[in-house]
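Asks: okay, sequence plus prediction incoming.
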Amino acid sequence: MTLGSPADFALLQQLRHQYGVLKDVAPGRCRHDNGQLMVLCSDGDVFPKLFDYHRQLLKLDRLHPLAWNGGGLRLDVHSILGQHHNSAEVLLNDIIDARKLKNMSVIELWTHYPCGAADLAGMGVMDIIQSIVNAKQFLRQSFGANDPVKIIPLCHVAWANHKRRSYYIDLARYKQFINQK
Ligand SMILES: [Zn+2]
């Protein structure tokens, strides 16, 4: 089981408190009447906790999970995970099918930390967040600018004190953070 590094946990704290990149998940930001697709990691130690936490927090009753090792990172065409087994294309086609099946136009793009699949691919927190940015771009380009699809980037963190929390990734703030560095 991946434990995560103190440096990456410290960076997550900074992204949350200092830079406003990670924001608490709130119903207004993430809840949609017709439900939503969840692209998330299939890690069996994490999936049920993440899923239940999210569903209960937002009082969601219509979720359609698409789970694969690494979750949303699989949609980053520039990453090892996205290129492995042509994952990004395969998962994109699955999402297209799921949208039709469930008539959903909201896609939650999840990563989590610590993530064993990301760790195996040599990815730290910075790589993970950049990968979710790339994944969102890939989906947006694939669906086209006029598609009403809403893509929500999210990160679930298992903090060292055993508390679990989910965060919305504010991409505008992330861009500011990158430019400041
Ligand atoms: Zn994982």
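Replies: Alright, I've got the coordinates.
Asks: by mean pLDDT, which helix or strand of the chain comes out lowest?
Replies: helix 27-30 (a mean of 68; mean pLDDT, DSSP states H and E).
Asks: that helix: what's the following helix or strand?
Replies: strand 36-40 (DSSP states H and E).
Asks: now the angle from the helix or strand that that next one is followed by to strand 36-40?
Replies: Next helix or strand after strand 36-40 toward the C-terminus (DSSP H and E): helix 47-58. Comparing the axes of helix 47-58 and strand 36-40 via axes from the mean of the first three to the mean of the last three C-alpha atoms, to 10 degrees yields an angle of 150 degrees.
Asks: pull out the buried positions in helix 47-58.
Replies: 47, 50-51, 54, 57-58 (16 or more other C-beta atoms under 10 Å). (C-beta placed from N, C-alpha, C; glycine too.)
Asks: hmm, who's touching it?
Replies: 25, 27, 30-31, 38, 40-41, 60-61, 63, 65, 67, 110, 112, 156, 164, 166 (C-beta atoms under 8 Å, 6 or more residues apart in numbering).
Asks: again, only this time at 10 Å
Replies: 24-32, 36, 38, 40-41, 43, 60-63, 65, 67, 71, 108, 110, 112, 154, 156, 158, 164-166 (C-beta atoms under 10 Å, 6 or more residues apart in numbering).
Asks: now, of these, which are buried?
Replies: Buried among these (16+ other C-beta under 10 Å): 25, 30, 32, 36, 38, 40-41, 43, 60, 63, 65, 67, 71, 108, 110, 112, 154, 156, 158, 165-166.
Asks: intersect those residues with the contacts of the ion.
Replies: 41, 43 (C-beta under 5 Å from the ion).
Asks: so what does Gly35 look like in phi/psi?
Replies: Note on Gly35: its backbone torsions stand at phi 90, psi 180 [degrees, to the nearest 10].
Asks: is it true that it touches Leu63?
Replies: Yes. Gly35 is in contact with Leu63 according to C-beta atoms under 10 Å; the separation is 6.1 Å.
Asks: so how far is the ion from Asp61?
Replies: 25 Å (C-beta to the ion, to the nearest Å).
Asks: and what about that residue, helix, strand or coil?
Replies: Classification of Asp61 by DSSP: H, G, I helix; E, B strand; the rest coil places it in coil.
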